[in-house]
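In: next input, structure requested:
(4 chains)
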2 protein chains.
Amino acid sequence: MTNLFENISEKNMLKLKRILKSNTVKYRKNVNVMSNVNQDDFIALVDTGCVQLIFTDYDGNKTILEEITAGEIFGTLTSSIKSEEITCMTKEETQITYIEYDEITNDEIIKSDFYIIFIKNLIRILTEQLNTRNTRIELLTKRTTRDKLLIYFRQESQKRKSKKFSLSINYTELANYLSVDRSAMMREIKYLKEEGFIETNGKKITLNY
Amino acid sequence: MTNLFENISEKNMLKLKRILKSNTVKYRKNVNVMSNVNQDDFIALVDTGCVQLIFTDYDGNKTILEEITAGEIFGTLTSSIKSEEITCMTKEETQITYIEYDEITNDEIIKSDFYIIFIKNLIRILTEQLNTRNTRIELLTKRTTRDKLLIYFRQESQKRKSKKFSLSINYTELANYLSVDRSAMMREIKYLKEEGFIETNGKKITLNY
DNA sequence: TTTTTATTGTTGCATTTGCAACATTTTACA
DNA sequence: TGTAAAATGTTGCAAATGCAACAATAAAAA
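Out: The predicted structure is shown next:
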């Protein structure tokens, strides 16, 4: 995953943050980050910690859209946070640097040497997030829990370049991500084991396909 | 939806296309656009017509990820086209302008007056595509056909700012978009009508909720 | 350490869904 | 205009899924 300041030196990063008039805030665990957001577009960079973007629909049902961890960004660019449909909760103690969107083209910055690099990083990040969404859509369009599981496992396997890997989230979160009932998912995992497609030991998964 | 050349005059657009060393190609209907793609990142701008991005999984099942119509872009930035999982088919006669990604920061263009506008347009487009994906994810995470339909109808209703609207896609495509069996979806629509939630007349929908 | 909370594992049952297989209507195009 | 192709509408039935309601562990907090 690309970092917003990739290929920019520590010294230049500090300079850049100053030019961008950025603003750094620390949050405790389980806090709604966007509660005091104004009307302007902004980029929020997670320096340390983790933030979850959560959809809440008319009936109060919640879906985790994405987890943003250290080095990644969220904000009005990547999701319609202002619409009140999406809330941003810290999953742990988290530090965030805010940048107003209009500042990324202010007079001072566009003259700087590292401006092109910065903009390319930003575009690269948006691109990566699009691909993350695409991957999830591919998975969610599968009709059966079995297909969702097999594809999720294959995606993880390809990411780690191994048929053996350890889940990076727990089973409750996995059911949420796949958008299936947890107990039904556990049952399907049992069947997959019985039929020899996979082996599991806690969070350790081994694929036989 | 933002156009890549929004707020740039016709004259400057032509100049920009030249500076970007862009390349325009015409395609017939039902043609695989990306068959001759090389290794470099690129942006493809649909001048006229329509292109469908289609996922094909290991079992040969196809899912329409997105439809790109006139003024919109696709390419290696917005989806991992090179991975061979995604194919791009023209839905009708289509004209496409290709821009190599590295050219968007070439020496000549970054000196031009309209460079900042161009880059901001590009970022805005990526942003809009992210929001499109988010909307679809919100929908796909719903567990029942009924919820998917109700949310889709509500989204359309909000977009048109009216409880009465006409579907922009046909029922077969809608079932595909919601990722449900078409006949089951038709049955659910029948129930929704019987229970008074909606009224339909062909593609005309009226919401009573 | 003890207590509380969260996660995992399991099952029966009602409901929803996908699938198959049609008839009918509409649209495309030769 | 006539014919082929695509889209719509419908139904029975088997299979998959969600839901509820647990017990058993594991993890976190007091």
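In: and A:Thr172, how many neighbours does it have?
Out: 11 (other CB atoms under 10 Å in any protein chain shown). No exception for glycine: its C-beta is placed from N, CA and C like everyone else's.
In: what helix or strand is it located in?
Out: Counting by DSSP states H and E, the element that carries A:Thr172 is helix A:171-178.
In: contact partners of that helix?
Out: With contacts defined as CB atoms under 8 Å, 6 or more residues apart in numbering or on different chains, helix A:171-178 is touched by A:63-64, A:136, A:139-140, A:145, A:148-149, A:152, A:167, A:169, A:181-182, A:185-186.
In: tell me who's in contact with A:Asn7.
Out: A:117, A:121.
In: how about 10 Å then?
Out: Going by CB atoms under 10 Å, 6 or more residues apart in numbering or on different chains, A:Asn7 touches A:114, A:117-118, A:120-121.
In: redo those residues as CSV? Include secondary structure and distance to DNA strand D.
Out: Formatted as CSV, the contacts of A:Asn7 follow (DSSP: H, G, I helix; E, B strand; the rest coil; distance: CB to the nearest atom of the strand, whole Å):
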residue, secondary structure, distance to DNA strand D
A:Phe114, coil, 40
A:Ile117, helix, 38
A:Phe118, helix, 37
A:Lys120, helix, 38
A:Asn121, helix, 33
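In: which of those lies closest to B:Ile8?
Out: A:Lys120 (20.4 Å; CB to CB).
In: against A:Asn7, how distant is that closest one?
Out: Per CB to CB, to the nearest Å, A:Lys120 is found 9 Å from A:Asn7.
In: likewise for A:Ile169?
Out: For A:Ile169 relative to A:Asn7 (CB to CB), the value is 30 Å.
In: now swap in A:Thr56 and tell me
Out: Applying CB to CB to A:Thr56 and A:Asn7 gives a distance of 38 Å.
In: do A:Glu92 as well
Out: Distance from A:Glu92 to A:Asn7, by CB to CB: 28 Å.
In: ok, now A:Asn121?
Out: Taking CB to CB, one finds A:Asn121 at 7 Å from A:Asn7.
In: with A:Glu156 instead?
Out: 29 Å.
In: any common contacting residues for A:Asn121 and A:Asn7?
Out: A:Phe114.
In: hmm, back to that, is the helix holding A:Thr172 in proximity to DNA strand C?
Out: Yes - contact of helix A:171-178 with DNA strand C (CB under 7 Å from any atom of the strand) involves A:171-173.
In: now swap in stretch A:140-156 and tell me
Out: Yes - Stretch A:140-156 comes into contact with DNA strand C (CB under 7 Å from any atom of the strand), by way of A:Arg143.
In: quick one: mean pLDDT for that stretch?
Out: The average pLDDT within stretch A:140-156 is 93.
In: what about dumping the CA coordinates of it to CSV?
Out: Provided in CSV are the C-alpha atoms of stretch A:140-156 (Å, rounded to 0.1, in the frame of the first residue of the first chain):
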residue,chain,number,x,y,z
LEU,A,140,-20.0,-10.1,-2.5
THR,A,141,-21.5,-10.9,-5.9
LYS,A,142,-21.0,-14.6,-5.2
ARG,A,143,-24.3,-16.2,-4.4
THR,A,144,-23.3,-18.9,-1.9
THR,A,145,-21.4,-18.8,1.3
ARG,A,146,-19.2,-21.5,0.0
ASP,A,147,-18.1,-19.5,-3.1
LYS,A,148,-17.5,-16.4,-0.9
LEU,A,149,-15.3,-18.4,1.5
LEU,A,150,-13.3,-20.2,-1.3
ILE,A,151,-12.7,-16.9,-3.1
TYR,A,152,-11.7,-15.1,0.1
PHE,A,153,-9.3,-17.9,1.0
ARG,A,154,-7.9,-17.8,-2.5
GLN,A,155,-7.4,-14.0,-2.4
GLU,A,156,-5.6,-14.3,1.0
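In: and DNA strand D, is it touching that?
Out: Yes - contact of stretch A:140-156 with DNA strand D is found when judged by CB under 7 Å from any atom of the strand, involving A:143-146.
In: can you select the buried ones among those for me in ChimeraX?
Out: Per 16 or more other CB atoms under 10 Å in any protein chain shown, the buried members of the residues of stretch A:140-156 next to DNA strand D correspond to this ChimeraX selection:
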select /A:145,146
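In: okay, the residues of stretch A:140-156 next to DNA strand D in JSON lines with distance to chain B next?
Out: Output for the residues of stretch A:140-156 next to DNA strand D, formatted as JSON lines (distance: CB to the nearest CB, whole Å):
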{"residue": "A:Arg143", "distance to chain B": "7"}
{"residue": "A:Thr144", "distance to chain B": "11"}
{"residue": "A:Thr145", "distance to chain B": "11"}
{"residue": "A:Arg146", "distance to chain B": "12"}
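In: tell me which of the residues of stretch A:140-156 next to DNA strand D fall in helices.
Out: A:145-146 (DSSP state H).
In: tell me which of the residues of stretch A:140-156 next to DNA strand D is nearest to DNA strand C?
Out: Comparing these against DNA strand C with CB to the nearest atom of the strand picks out A:Arg143 as the nearest, at 4.4 Å.
In: skipping adjacent residues, who's closest to that closest one in space?
Out: Leaving aside its chain neighbours, A:Arg143 sits nearest to B:Ser179 (6.7 Å; criterion: CB to CB, 6 or more residues apart in numbering or on different chains).
In: touching, the one you found and B:Phe55? I think so.
Out: No - if you go by CB atoms under 10 Å, B:Ser179 and B:Phe55 don't touch, sitting 11.2 Å apart.
In: list the buried ones in the helix or strand harbouring A:Arg133?
Out: Secondary structure assigned from DSSP H and E places A:Arg133 in helix A:115-140. Within helix A:115-140, the residues that count as buried by 16+ other CB under 10 Å are A:115, A:117-127, A:129-131, A:133-140.
In: check stretch A:145-163 too.
Out: Those would be A:145-153, A:156-157, for stretch A:145-163 by 16+ other CB under 10 Å.
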